[in-house]
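>>> quick one, structure for this:
(2 chains)
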Number of protein chains: 2
Amino acid sequence: MNEDSFVVPEFKASAVSAGLKKDGGLDMALIYCNVKAVAAGVFTTNRVKAAPVLLSMEHIEAGKARAIIANSGTANACTGTRGMSDARETASLVAKEIGASPQDVLVCSTGVIGLPLDMEKVKAAVPKLVTGLSDKGFRRAAEAIMTTDTFPKLAYREGRAGGKPYKVLGMAKGAGMIMPNMATMLSFILTDIKIDQETLSKSLLWAVDRTFNRITVDGDTSTNDTVLAMASGMAGNGPLSNSDKKILREILKEVTGELALMIVKDGEGATKTVKVRVKGAPDQDSALIAARTVANSLLVKTALYGNDPNWGRIMAALGRSGIEMQVNRVDIYIDDIRIVSGGLGTGKGEEAKAAEIMKRDSYSLVIDLNRGAYEDQVWTCDISHEYVSINAEYRT
Amino acid sequence: MNEDSFVVPEFKASAVSAGLKKDGGLDMALIYCNVKAVAAGVFTTNRVKAAPVLLSMEHIEAGKARAIIANSGTANACTGTRGMSDARETASLVAKEIGASPQDVLVCSTGVIGLPLDMEKVKAAVPKLVTGLSDKGFRRAAEAIMTTDTFPKLAYREGRAGGKPYKVLGMAKGAGMIMPNMATMLSFILTDIKIDQETLSKSLLWAVDRTFNRITVDGDTSTNDTVLAMASGMAGNGPLSNSDKKILREILKEVTGELALMIVKDGEGATKTVKVRVKGAPDQDSALIAARTVANSLLVKTALYGNDPNWGRIMAALGRSGIEMQVNRVDIYIDDIRIVSGGLGTGKGEEAKAAEIMKRDSYSLVIDLNRGAYEDQVWTCDISHEYVSINAEYRT
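Numbering: from 1, shown residues only, chains lettered A, B, ... in the order given. Sure, this is the predicted structure:
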């Protein structure tokens, strides 16, 4: 599907190169709604929250928004009172230009921590962003929020509520500091469904928990993670039935899931994406804890990079995860190749087959604890030489 | 001090190349005591424990030992009932050869998980190990337990208890899977002090908690970590006074601390060792949690590699650690250069000075939370391209 056809009634977007990024690329984006949209957000759990996160948390309390202004280049985090007043001024500049209240403007930043926003550049950029608004501007907006991302991330679905069609458009940026809960991750979800704030908020949380909170790149959680949803209500549907709500949740999950997978695929230096699935767990928490511990293990991730079915490292990660387990019940598979059976290796032949699968850019690592009926999954990527290069040299 | 003078009365050691390591290097070591020594141990907290760990935990319950037999090449972990019977047979072979009970022999293995011990090679090696015992054999024994270590690790101190001199000799291996609690880490501490089992055990735990449990290389905890202490009691001292016990604890801490630092210095691919010290914490737990989170952050460790005083990543790690903190109170130093004051960067000048210090192979990263009187510290290393190479290619 051509990204130009990713259109949601009443929404427009634009992007400019404001000069905040060293490379001169697009670095500011504006998302705009012709009407006051119902709005919901999910924010980083990091106790060190960037100024724009604190501001957006405050603004979204009213449950409404007209616009999202976002920049890359600087995270406006750890910038003290100046950072907070810069974020407020940014919202005010946009509000004035579009004829709204500052409270109706949400603000997001991503980039280097500790670097203040250059407000002269922001001031110069805002009018251009408003002038440039277009219902085909989403791809450029997705580009403008990229940091070490290598491609813009967009996803699109259509649904029906009470017979009326509606659209859901999502965009995201990721790349580093990706780890539950969330990441240096921004994502904006736009829809025209008519929905009350509580339902939008709950549906968004439900989808985020199953997608963005199930991915990991490096185990670090950022100061700026933000997922925002805006619903213009122009689809004309009536009150949502339980079935409508369920469908919406699934559609949101598809959109955020597609974006989440793109983020893992585009993880800094990643050469592959691996789904770590833990089944047979005695309870839900254990399944997730086990999957996360394996998915975050540096030794597992370097083995993935080396196409090495080094199941000893997987067993060691399971063992230190703290979950209840019996070593002699554990089975481990690479896709459908069983490399561990009852806690023991199945031999060099199976490992050789598994190593072949591991050369692919995507596969599943399945762990069956054979202790119960619960399962969960986390998407991860490998850690490569390139990851080290990117992160040793990011600011220089 | 010449390592040949690292001698402890009644203790001998030897090493052979049994053929368990692919490169043909020394891969089996024997530590032997002429008398039945008081023995104590600290073992991995990983729920997946290697067969030799389970066996040594069982054997050490009696509080006595005559010998430690150790091998590199294979961890004898995840090897099922065969692994357990191989570990038992190894103990029996040594016991028979030295004329002791199998219960008096402790067994340690390190290397690849899932690979069984080649018992034919072990059988052939044991008599040679016994024949080769020498009071100058400790360096070779330290070599024989190396895996990806690049140098053998020995430390030595002397003390006095009730006027009688005693000696403490320690050896260790480390390199990867190094993270509290402990690591793919083996360490053997030998002393001639006369001591009861309870005091030896408590003193060892006290020292290990302050040294081996305060280091991290990659955040993974191994299936085989073991620290063993043996005391021959030949120093001739009387019952230990409280002052004697205190001095012994400090000496054990010095020996294990020196070994722990060697392990970090020799971390896989590490180019430098960094002491992460958190002070001004509201309580002891918070100080340690904060230090560990920063010391384990992949983004911090790659910044250390790049000599980049990227304090934003340090703030982000503190924020996700979950401790109580106030961003605007945090100060951060590289040695004595303050790069963050009251949560804000102190500017490019100070950062440039810090970057110069970061080129050294050892320095301190000090975080002052300014929230209380507690402090703690963790030693870490950087994550380099070489780390990725070593771990992507370890088994191949």
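>>> do you know the pLDDT at A:Lys301?
On pLDDT, A:Lys301 comes in at 89.
>>> isn't A:Ile31 up against A:Phe11?
Yes - at 6.9 Å, A:Ile31 counts as touching A:Phe11 under the criterion of CB atoms under 8 Å. Glycine gets a C-beta too; all of them are placed from N, C-alpha and C.
>>> of the two, which one has the most company?
Neighbours per residue (other CB atoms under 10 Å in any protein chain shown) separate A:Ile31 from A:Phe11, with A:Ile31 holding more: 28 against 25.
>>> show me what the more buried one bridges to in the sheet.
Per DSSP bridges, the residues bridged to A:Ile31 are A:Ala13, A:Ile68.
>>> right, and A:Asp266 touches A:Pro152 too?
No - A:Asp266 lies out of contact with A:Pro152 (CB under 8 Å); the separation is 9.8 Å.
>>> overlap of the contact sets of those two?
Shared contacts of A:Asp266 and A:Pro152 (CB atoms under 8 Å, 6 or more residues apart in numbering or on different chains): none.
>>> show me the shaky parts of the stretch 51-200 of chain A.
Scanning the stretch 51-200 of chain A for pLDDT under 70 picks out A:175-184.
>>> OK, contacts around the residue in it positioned nearest to chain B?
Closest residue of the stretch 51-200 of chain A to chain B, CB to the nearest CB: A:Ile113 (2.3 Å). Applying CB under 8 Å, 6+ apart to A:Ile113 gives the contacts A:Ala50, A:Ala75, A:Ala77, A:Cys78, A:Thr223, B:Asn310, B:Trp311, B:Gly312, B:Arg313, B:Met315, B:Ala316.
>>> how about it, nearest residue that isn't a chain neighbour?
Once flanking residues are discounted, A:Ile113 sits nearest to B:Gly312: 2.3 Å by CB to CB, 6 or more residues apart in numbering or on different chains.
>>> state the distance from the residue of the stretch 51-200 of chain A closest to chain B to A:Asn46.
Computed as CB to CB, to the nearest Å, the A:Ile113 to A:Asn46 distance reads 11 Å.
>>> between these two, what contacts are shared?
A:Thr223, B:Ala316.
>>> hey, where'd the strands end up in the stretch 1-150 of chain A?
With DSSP state E, counting those that start in this stretch, the ranges of strands along the stretch 1-150 of chain A come out as A:11-16, A:28-43, A:64-71, A:105-109.
>>> likewise for the stretch 151-300 of chain A?
Applying DSSP E, counting those that start in this stretch to the stretch 151-300 of chain A gives strands spanning A:153-161, A:164-173, A:186-191, A:215-216, A:226-231, A:273-281.
>>> from the chain's centre, how far out does the shortest one sit?
Looking back up the chat, that one is strand A:215-216. Chain-centre distance of strand A:215-216: 9 Å, with CA atoms, centre = their mean, to the nearest Å.
>>> tell me what that strand is packed against?
The contact analysis (3 or more CB pairs under 8 Å, 6 or more residues apart in numbering or on different chains; DSSP states H and E) places strand A:215-216 against helix A:242-265, helix A:284-296, strand A:374-381.
>>> of all of the stretch 201-350 of chain A, which residue lies closest to chain B?
When distances are taken as CB to the nearest CB, the stretch 201-350 of chain A reaches nearest to chain B at A:Gly312, 2.3 Å away.
>>> okay, now that residue: neighbour count?
The burial count for A:Gly312: 26, using other CB under 10 Å.
>>> what's the answer for A:Leu344, then?
20.
>>> dihedrals phi and psi, it?
Backbone torsions for A:Leu344, taken as degrees, to the nearest 10, come to phi -120, psi 150.
>>> show me what contacts the closest residue to it other than its chain neighbours?
Leaving aside its chain neighbours, A:Leu344 sits nearest to B:Gly80 (5.0 Å; criterion: CB to CB, 6+ apart). Contacts were defined as CB under 8 Å, 6+ apart; by that measure B:Gly80 touches A:Asn328, A:Gly342, A:Gly343, A:Leu344.
>>> got it, and A:Arg160?
Residues in contact with A:Arg160 (CB under 8 Å, 6+ apart) are A:Tyr166, A:Ile247.
>>> tell me, what's touching A:Ile31 and A:Phe11 both at once?
A:Leu190, A:Met230.
>>> sorry, back to before: tell me which of the strands of the stretch 151-300 of chain A lies nearest to B:Phe212.
strand A:215-216 (27.8 Å; CB to CB).
>>> report how many residues lie close to A:Met315.
By other CB under 10 Å, neighbour count at A:Met315 equals 27.
>>> what helices and strands are in contact with the one helix or strand it maps to?
Using DSSP states H and E, A:Met315 falls within helix A:311-320. Packing partners of helix A:311-320 (3+ CB pairs under 8 Å, 6+ apart): helix A:284-296, helix A:298-305, strand A:331-334, strand A:337-341, strand A:362-368.
>>> redo that, cut-off 7 Å
Helix A:311-320 is packed against helix A:284-296, helix A:298-305, with contacts defined by 3 or more CB pairs under 7 Å, 6 or more residues apart in numbering or on different chains; DSSP states H and E.
>>> may I see the buried residues of stretch A:33-53?
For stretch A:33-53, burial by neighbour count (16 or more other CB atoms under 10 Å in any protein chain shown) applies to A:33, A:36-44, A:46-53.
>>> now A:Pro239: phi and psi?
Per-residue torsions, A:Pro239: phi -50, psi 140 (degrees, to the nearest 10).
>>> how far does the helix holding A:Met315 sit from its chain's centre?
The chain centre lies 27 Å from the centre of helix A:311-320; the measure is CA atoms, centre = their mean.
>>> state the mean pLDDT of it.
90.
>>> output it as PDB, nothing but the C-alphas.
The C-alpha trace of helix A:311-320 is given here as PDB (Å, rounded to 0.1, in the frame of the first residue of the first chain):
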ATOM      1  CA  TRP A 311      21.400 -22.800  24.100                       C
ATOM      2  CA  GLY A 312      23.600 -22.800  27.300                       C
ATOM      3  CA  ARG A 313      23.400 -19.000  27.400                       C
ATOM      4  CA  ILE A 314      19.600 -19.300  27.000                       C
ATOM      5  CA  MET A 315      19.500 -21.800  29.900                       C
ATOM      6  CA  ALA A 316      21.700 -19.500  32.000                       C
ATOM      7  CA  ALA A 317      19.500 -16.500  31.300                       C
ATOM      8  CA  LEU A 318      16.400 -18.500  32.300                       C
ATOM      9  CA  GLY A 319      18.100 -19.600  35.500                       C
ATOM     10  CA  ARG A 320      19.000 -16.200  36.600                       C
END
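>>> hmm, stretch A:275-293 in reach of chain B?
No - Stretch A:275-293 lies apart from chain B when judged by CB under 7 Å from any CB of the partner chain; the minimum separation is 9.7 Å.
>>> and the contacts of that stretch?
Stretch A:275-293 has contacts (CB atoms under 7 Å, 6 or more residues apart in numbering or on different chains) with A:180, A:216, A:294-295, A:317-318, A:320-324, A:364-372, A:374-380.
>>> which of those residues count as buried?
A:180, A:216, A:294-295, A:317-318, A:320-321, A:323, A:365-371, A:374-380.
>>> lowest mean pLDDT across the helices and strands packed on helix A:311-320, which one is that?
Of all the helices and strands packed on helix A:311-320, helix A:298-305 has the smallest average pLDDT, which comes to a mean of 88.
>>> so which elements touch that one?
helix A:311-320, helix B:385-393.
>>> so how far is stretch A:90-109 from its chain's centroid?
24 Å.
>>> ditto for stretch A:349-364
Using CA atoms, centre = their mean, the mean C-alpha position of stretch A:349-364 is found 27 Å from that of the whole chain.
>>> distance check, the residue nearest to A:Leu344 against B:Glu268.
According to CB to CB, B:Gly80 and B:Glu268 sit 28 Å apart.
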